[in-house]
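> Next come a sequence and a model predicted from it.
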Amino acid sequence: MDKGIHIILSRASILPLFRKLRPFTSGFFPSALKNPTYTELRSHMAIFMACTHDLLPPQIVRCMRHFIDFVQQALAKEHTEETLADMQESLRLYNNTFAIQMANYVMYRDLLFDTYQAASSEEIKSKMKGKISNCGNMNTPDTAQDPDLVPSSPLMSNNPTNFDELSEKHPSLKELYNLTRIYLSTLKDGEKPVKLKNMPKPKNNKIYAYQTLKINDTDDRGTSYTEFIRANPSFHRRARYDFVQTKDGYFVQVLLFFNIERTFTMESDDPFCDVVEERLCLVRVFTYIEEVHASGLQVVKYPNDSDIRQQGLCVMSIKNIERLVHVVPDFSTALNQIEEEDGIYDCYLVNHDIDPNHWSYGATKNFIDIPDQELVKWS
């Protein structure tokens with residue numbers, strides 16, 4: 001038991017940083033928290049599955065999966081008939097795996113059902129159909145404006161610099177120049193095969209490198225908010241390379257934000273401009289795995305090909321970023337059998353528990369099936 005507790009504490013302390021996530025550097029269990037706040041308890045719940053899924057009996061893992069789902073759904077600000085049905089199903093599945101009733105959250109459930117059934121006006125019900133669960137926001141309207149994307153925090157003191165100097169000081173970026181040319185070639189000629197020597201080059205080999213992308217946006221209620229995505233080798237003395245989901249559905253880790261200038265023009269460009277700025281990022285694309293995981297979380301795989309050019313590295317426009325996501329190691333797949341902050345793992349988990357909006361993004365709900373005859377019941 002003590003060994004298991006030590007493992008959980010260690011895992012909680014090295015999880016990647018994320019927006020408003022409490023850092024559990026001094027302990028994970030509630031007993032280590034003095035007068036925990038609501039936010040701290042939510043943070044605790046948000047990482048529970050990632051830290052414990054392979055250390056607990058399958059029935060307990062399954063039970064906690066349904067408990068967390070139900071809590072997030074019950075505390076949502078807005079609902080539709082579908083989300084209420086999902087919440088009821090989570091409660092049913094929880095009770096099927098554990099005999100203790102969640103009285104406080106059931107109260108929220110009953111209140112939500114009563115409120116919805118009391119909405120006799122068709123206008124009110126039609127508005128509720130446009131809502132999504134777990135976030136209190138409506139679906140993005142057609143009139144939504146593109147967010148303002150602002151790179152910040154220069155990587156080097158002399159900004160701009162050139163690709164050669166950048167790769168000399170940061171050897172991990174040595175492929176950036178060729179990957180940028182591949183991006184420009186694809187932008188100009190599509191998927192047409194082009195030899196590297198014939199691909200477009202950034203103007204004057206010049207690059208502006210940044211560690212942070214600041215996103216100024218407005219939610220569906222008209223409230224302004226700011227989001228930060230970081231690609232920082234030393235953020236509060238810890239490396240932080242955030243993950244995002246792209247608009248075409250990929251999960252990628254951002255390694256650098258940078259701006260360049262190109263000399264060729266596209267039909268969509270300003271016809272009076274001879275040079276066009278491209279705001280880009282270097283990312284590592286993780287492979288999505290169709291796998292039912294004990295935690296119920298989506299599984300992505302690290303691109304571990306021996307050729308660095310094939311390790312999922314590519315350059316893309318920052319406009320292709322859809323949202324920030326929390327991707328954590330699947331600690332049971334440590335390639336060197338050592339769980340550490342800078343360790344390499346075969347698989348990673350998209351931790352949607354940390355984001356109450358995840359139900360609106362089409363997150364899957366996969367569970368490992370446990371036959372009823374194998375469930376332990378209270379007598």
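Structure received.

> counting contacts, what elements does the helix or strand encompassing N96 pack onto?
When elements are assigned from DSSP states H and E, N96 belongs to helix 81-97. Helix 81-97 sits against helix 58-74, helix 103-118, with contacts defined as 3 or more C-beta pairs under 8 Å, 6 or more residues apart in numbering; DSSP states H and E. C-beta: built from backbone N, CA, C; applies to glycine.

> Do a quick rundown of the strands in the stretch 251-379 of the chain.
251-262, 276-289, 298-301, 313-317, 321-325, 327-329, 347-350 (DSSP state E, counting those that start in this stretch).

> Figure out how far the last one is from the centre of its chain.
Think strand 347-350. 10 Å (C-alpha atoms, centre = their mean, to the nearest Å).

> And for it, what's in contact with it?
50, 251, 286, 289, 293, 295, 297-302, 325-330, 333, 363 (C-beta atoms under 8 Å, 6 or more residues apart in numbering).

> Adjacent strands (with direction) for it?
strand 298-301 (antiparallel), strand 327-329 (antiparallel) (DSSP bridges).

> Give me whichever of those strands is most buried.
A comparison of the strands paired with strand 347-350 by mean neighbour count, using mean count of other C-beta atoms under 10 Å, puts strand 327-329 on top with a mean of 23.

> Give me the average confidence score over it.
Across strand 327-329, pLDDT averages out at 93.

> got the contact list for it?
15-16, 47, 50, 243, 251, 253, 286, 300, 339, 343, 345, 348-351.

> what's the neighbour count on M45?
16 (other C-beta atoms under 10 Å).

> Next up, the contacts around it.
If you count contacts by C-beta under 8 Å, 6+ apart, then M45 has 68, 71, 353 around it.

> how about these in CSV, adding pLDDT, distance to L55 and neighbour count?
Listed next are the contacts of M45 as CSV, based on pLDDT from 0 to 100; distance: C-beta to C-beta, whole Å; neighbours: other C-beta atoms under 10 Å:
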residue, pLDDT, distance to L55, neighbour count
I68, 88, 16, 20
V71, 84, 21, 20
D353, 87, 17, 25
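
> Looking at those residues, spot the one nearest T161.
D353 (40.0 Å; C-beta to C-beta).

> contacting residues for the closest one?
Contacts of D353 by C-beta under 8 Å, 6+ apart are 45-50, 68, 72, 297.

> what about R92, distance to F70?
Distance of R92 to F70, computed by C-beta to C-beta, to the nearest Å: 10 Å.

> Look at these two and report which has more neighbours.
F70 (25 against 11).

> Could you pull up the contacting residues of the closest residue to that one other than its chain neighbours?
Leaving aside its chain neighbours, F70 sits nearest to S90 (4.0 Å; criterion: C-beta to C-beta, 6 or more residues apart in numbering). By C-beta under 8 Å, 6+ apart, S90 lies in contact with 66, 69-70, 73.

> a markdown table for the residues you listed, including distance to R22 and pLDDT?
Formatted as a markdown table, the contacts of S90 follow (distance: C-beta to C-beta, whole Å; pLDDT from 0 to 100):
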| residue | distance to R22 | pLDDT |
| --- | --- | --- |
| H66 | 24 | 88 |
| D69 | 21 | 87 |
| F70 | 22 | 86 |
| Q73 | 22 | 80 |
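
> how about the residues you listed, which pair is most distant?
H66 and Q73 (10.4 Å).

> Identify the residue nearest M87 in space, chain neighbours excluded?
M87's closest residue in space is Q73 (C-beta to C-beta, 6+ apart), at 3.9 Å.

> and the gap between the one you found and K174?
The value you get for Q73 to K174, if C-beta to C-beta is used, is 47 Å.

> The two: which is more packed in?
Neighbour count, other C-beta under 10 Å: between Q73 and K174, Q73 has more, with 25 against 14.

> so where's the stretch 251-379 of the chain shaky on pLDDT?
269-272, 304-310, 336-342, 356-379 (pLDDT under 70).

> Okay, the residue lying closest to C51 once chain neighbours are set aside and V292: tell me how far apart.
Distances taken as C-beta to C-beta, 6+ apart place R11 nearest to C51, at 4.4 Å, with adjacent residues excluded. Separation of R11 from V292 (C-beta to C-beta) stands at 22 Å.

> Between those two, which is the more surrounded one?
Comparing R11 with V292 by other C-beta under 10 Å, the one with more neighbours is R11, at 20 against 11.

> these two touch, right, that one and M49?
No: taking contacts as C-beta atoms under 8 Å, R11 lies outside contact range of M49: 11.3 Å.

> in this protein, which spans are helices?
2-14, 38-46, 48-52, 58-74, 81-97, 103-118, 122-128, 163-169, 176-189 (DSSP state H).

> Could you dump those into TSV with distance to T223 added?
Compiled in TSV, the helices of the chain are given as follows (distance: least, C-beta to C-beta, whole Å):
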stretch	distance to T223
helix 2-14	32
helix 38-46	19
helix 48-52	30
helix 58-74	21
helix 81-97	22
helix 103-118	23
helix 122-128	18
helix 163-169	38
helix 176-189	34
